[in-house]
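Trainee: got a sequence here, can you build the structure:
(one chain, ligands or ions: 1)
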Amino acid sequence: MKKDDLIKLINKLHPSEYSTESKVLKKHCIDWRGEYEGKSQLIIFPKSVKKISEILNFCQKKAIAVVPQGGNTGLVGGAVPRKRGNEIIINLSNLNKIRDIDLIGNSVTVEGGCILDIIKNKLEKYDLEFPLSMGSRGSCQIGGNIATNAGGLNVIKYGTIRQNILGIEAVLPDGRIYSSLKNVRKNNTGLDLKHLLIGSEGTLGIITAATVQLFPLPKERTVLWASFKNFSKVLNFYKYINNKFKDLITSFEFMNKESIEVLEKHECKVVNLKKNQCYCLVEFSNFNKINDFNNFIFAKIDFNDLDTDDLILSKSDNENKKLWNYRESIPLAERKEDFIIPHDISIPLTNISEFVKRTTKSIKKYLNGSKIINFGHLGDNNLHFNVLIREQQNLSRKSIRNSINKIVFDNVKIFGGAISAEHGIGQLRKDELKRNKEVFELNKMRDIKKIFDPQNILNPGKVF
Ligand SMILES: Cc1cc2nc3c(=O)[nH]c(=O)nc-3n(C[C@H](O)[C@H](O)[C@H](O)COP(=O)(O)OP(=O)(O)OC[C@H]3O[C@@H](n4cnc5c(N)ncnc54)[C@H](O)[C@@H]3O)c2cc1C
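Mentor: Down below sits the predicted model:
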């Protein structure tokens with residue numbers, strides 16, 4: 001960016017709305033995993049939608065590239081500038097008001113920089129549930145959640161965030177404010193632009209607010225922990241539990257032995273639970289004031305039908321938290337390993353067991369000693385298939401990464417899955433996207449990008 005333009009841009013801002021300090025910039029230029037570190041000369045924390053509009057209008061005229069940033073918890077390097085250092089960062093954390101809670105229509109209108117946990121806690125006071133939850137909820141922002149079409153722990157019940165967005169407000173790359181904050185569930189008026197912005201990873205517009213539908217807050221929750229000798233038994237269990245409890249299930253999570261091992265090595269010991277090959281955590285929610293909910297759940301399970309070695313139902317909120325903590329601490333434990341190759345994939349449940357078997361075998365044949373850490377939101381076909389490398393056998397990290405990615409993504413294709421289930425494309429999956437999407441579909445995506453952003457100023461080098 002020309003020095004002259006930088007000064008002009010800064011002159012439009014209040015001193016509390018920006019920073020050029022290297023310490024501040026460094027923090028915002030590195031992603032959560034520490035895999036992507038870029039450079040930038042300026043970070044802006046705008047306090048109004050109008051200010052974002054003025055900034056983007058100026059940036060488009062001067063061809064200044066911009067990275068929209070929320071809580072920076074994304075796992076694909078989408079929210080940080082690239083190494084070249086030409087982009088400025090627009091961080092949404094100052095745009096954080098809850099604009100409206102509609103207690104008749106059951107919806108909330110929040111600004112893009114609101115932190116997910118803060119919204120959830122606020123709504124609990126009204127006995128309302130915000131239909132998104134995930135491990136990063138203490139830092140991620142609603143704008144980032146929408147831009148990544150976040151999934152999380154409750155997709156089995158409420159769907160991804162896309163299914164719950166009623167309206168969006170966004171600033172487009174030329175500074176125009178697109179406002180469609182409608183609070184209606186039916187809106188059949190042609191092509192729906194908000195669905196292009198959802199999952200666009202900051203490449204089409206900056207999401208400044210959204211109206212989201214809400215659900216009744218469960219009266220209580222209880223967590224079941226079960227362990228199995230193999231993956232096929234897990235799938236039988238899933239089918240059984242799903243048939244029995246349907247709408248009461250709010251999460252269905254899977255963890256393999258290796259994910260528990262890495263958890264125990266770096267984060268915490270798993271106490272009072274038997275060791276096994278596979279583990280499931282199922283959360284049930286009591287929406288209908290069912291008396292003695294734990295007993296109700298327990299009484300409906302016929303142990304003769306199940307091939308589990310260990311089945312425990314939590315008896316208190318503390319026990320719920322303890323069991324959830326095991327599942328949610330796995331990504332934190334993995335982060336402490338030196339060399340992990342992550343994959344956030346989805347596979348049809350009917351193929352998942354064979355996929356895991358075949359892919360694991362091929363990886364072990366390529367690099368014996370590597371460990372497969374599998375965990376994830378199994379109820380939504382989502383598996384984190386992360387490969388922990390212990391011995392490199394004189395191979396470079398780059399060549400190991402390429403070979404392992406090829407094994408995993410070739411099998412994802414064969415077994416009818418998707419190369420990204422919920423984390424998105426960002427910088428990490430750009431090459432795989434090219435290999436895995438139809439050329440026609442990719443070209444149409446590029447056409448849409450050009451319509452919204454002909455100068456390519458919004459998050460260049462990401463997704464496309
Ligand atoms: C411990 C942990 C657990 C996680 N669990 C899950 C999970 O279960 N499910 C899941 O889906 N994800 C999960 N994630 C990934 C991440 O939290 C989500 O992708 C989240 O939605 C990102 O929100 P954010 O505010 O941090 O966005 P950022 O990381 O800041 O940005 C993500 C992308 O969105 C763009 N963006 C951000 N804000 C805006 C905006 N206002 N307008 C336009 N574009 C914007 C950025 O440019 C970037 O491309 C997890 C991450 C961690 C660290």
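
Trainee: kindly state the domain boundaries assigned to this protein.
Mentor: Domain assignment for the chain by automatic domain parsing gives 3-91, 98-216, 220-332, 337-424.

Trainee: alpha carbons of the helix or strand in which Ile400 is found, as CSV, please.
Mentor: Element membership of Ile400, judged by DSSP states H and E, is helix 397-414. Written as CSV, here are the backbone C-alpha positions of helix 397-414 (Å, rounded to 0.1, in the frame of the first residue of the first chain):
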residue,chain,number,x,y,z
ARG,A,397,7.4,-32.3,6.0
LYS,A,398,6.1,-31.0,2.7
SER,A,399,6.3,-34.3,0.9
ILE,A,400,4.7,-36.2,3.8
ARG,A,401,1.9,-33.7,3.9
ASN,A,402,1.3,-34.0,0.2
SER,A,403,1.4,-37.8,0.2
ILE,A,404,-1.0,-38.1,3.2
ASN,A,405,-3.4,-35.5,1.8
LYS,A,406,-3.5,-37.4,-1.4
ILE,A,407,-4.3,-40.7,0.3
VAL,A,408,-7.0,-39.1,2.4
PHE,A,409,-8.7,-36.9,-0.3
ASP,A,410,-8.6,-39.6,-2.9
ASN,A,411,-10.5,-41.9,-0.5
VAL,A,412,-12.9,-39.0,0.4
LYS,A,413,-13.8,-38.9,-3.3
ILE,A,414,-14.1,-42.6,-3.7
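
Trainee: show me what that helix is packed against.
Mentor: Here helix 397-414 touches strand 340-341, helix 349-366, strand 382-388, helix 430-436, going by 3 or more C-beta pairs under 8 Å, 6 or more residues apart in numbering; DSSP states H and E. Just so you know, the C-beta spots here come from the backbone N, C-alpha and C atoms, and that holds for glycine as well.

Trainee: on that earlier part again, any chance of the domains of the chain in TSV, plus distance to the ligand?
Mentor: As requested, these are exported to TSV (distance: least, C-beta to the nearest ligand atom, whole Å):
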stretch	distance to the ligand
domain 3-91	2
domain 98-216	2
domain 220-332	4
domain 337-424	3
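
Trainee: for the stretch 201-350 of the chain, what spans make up the helices?
Mentor: Along the stretch 201-350 of the chain, counting by DSSP state H, counting those that start in this stretch, helices occupy 231-245, 257-266, 293-300, 317-328, 330-334, 349-366.

Trainee: so which of these comes closest to Thr160?
Mentor: For the helices of the stretch 201-350 of the chain, distance to Thr160 was read as C-beta to C-beta. The smallest value, 17.0 Å, belongs to helix 349-366.

Trainee: run through the neighbouring helices and strands of that closest one.
Mentor: Partner elements for helix 349-366 (3+ C-beta pairs under 8 Å, 6+ apart): helix 231-245, strand 371-376, strand 382-388, helix 397-414.

Trainee: can I get these in JSON lines including mean neighbour count and mean pLDDT?
Mentor: Formatted as JSON lines, the helices and strands packed on helix 349-366 follow (neighbours: other C-beta atoms under 10 Å; pLDDT from 0 to 100):
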{"stretch": "helix 231-245", "mean neighbour count": "17", "mean pLDDT": "94"}
{"stretch": "strand 371-376", "mean neighbour count": "22", "mean pLDDT": "96"}
{"stretch": "strand 382-388", "mean neighbour count": "23", "mean pLDDT": "97"}
{"stretch": "helix 397-414", "mean neighbour count": "16", "mean pLDDT": "96"}
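
Trainee: now for Val76: which residues touch it?
Mentor: Counting by C-beta atoms under 8 Å, 6 or more residues apart in numbering, Val76 touches 420, 423-429.

Trainee: show me the two of those that sit farthest apart.
Mentor: Comparing all pairs in the contacts of Val76 by C-beta to C-beta, the longest separation belongs to Ser420 and Gln427, at 12.5 Å.

Trainee: burial measure for the residue nearest to Ser346 when sequence neighbours are not counted, as a count.
Mentor: With C-beta to C-beta, 6 or more residues apart in numbering as the criterion, Ser346 has its nearest non-adjacent residue at 3.8 Å, and that residue is Ala421. Ala421 is flanked by 22 other residues according to other C-beta atoms under 10 Å.

Trainee: ok, now the one 4 residues further on?
Mentor: Burial of Ile425 is recorded as 23 neighbouring residues (other C-beta under 10 Å).

Trainee: and it, that one's in a helix?
Mentor: No. Using DSSP: H, G, I helix; E, B strand; the rest coil, the assignment for Ile425 is coil, not a helix.

Trainee: test my guess that it contacts Leu433.
Mentor: Yes. Counting by C-beta atoms under 8 Å, Leu433 is a contact partner of Ile425 at 5.2 Å.

Trainee: how much space is there between Ile451 and Trp32?
Mentor: With the distance defined as C-beta to C-beta, to the nearest Å, Ile451 ends up 31 Å from Trp32.

Trainee: right, and Gly74 touches Gly424 too?
Mentor: Yes. Taking C-beta under 8 Å as the definition, Gly74 is a contact partner of Gly424 at 7.0 Å.

Trainee: and the pLDDT at the nearest residue to Leu332 once chain neighbours are set aside?
Mentor: In space, and not counting its chain neighbours, Leu332 is closest to Glu267: 5.9 Å by C-beta to C-beta, 6+ apart. What the model reports as pLDDT for Glu267 is 95.
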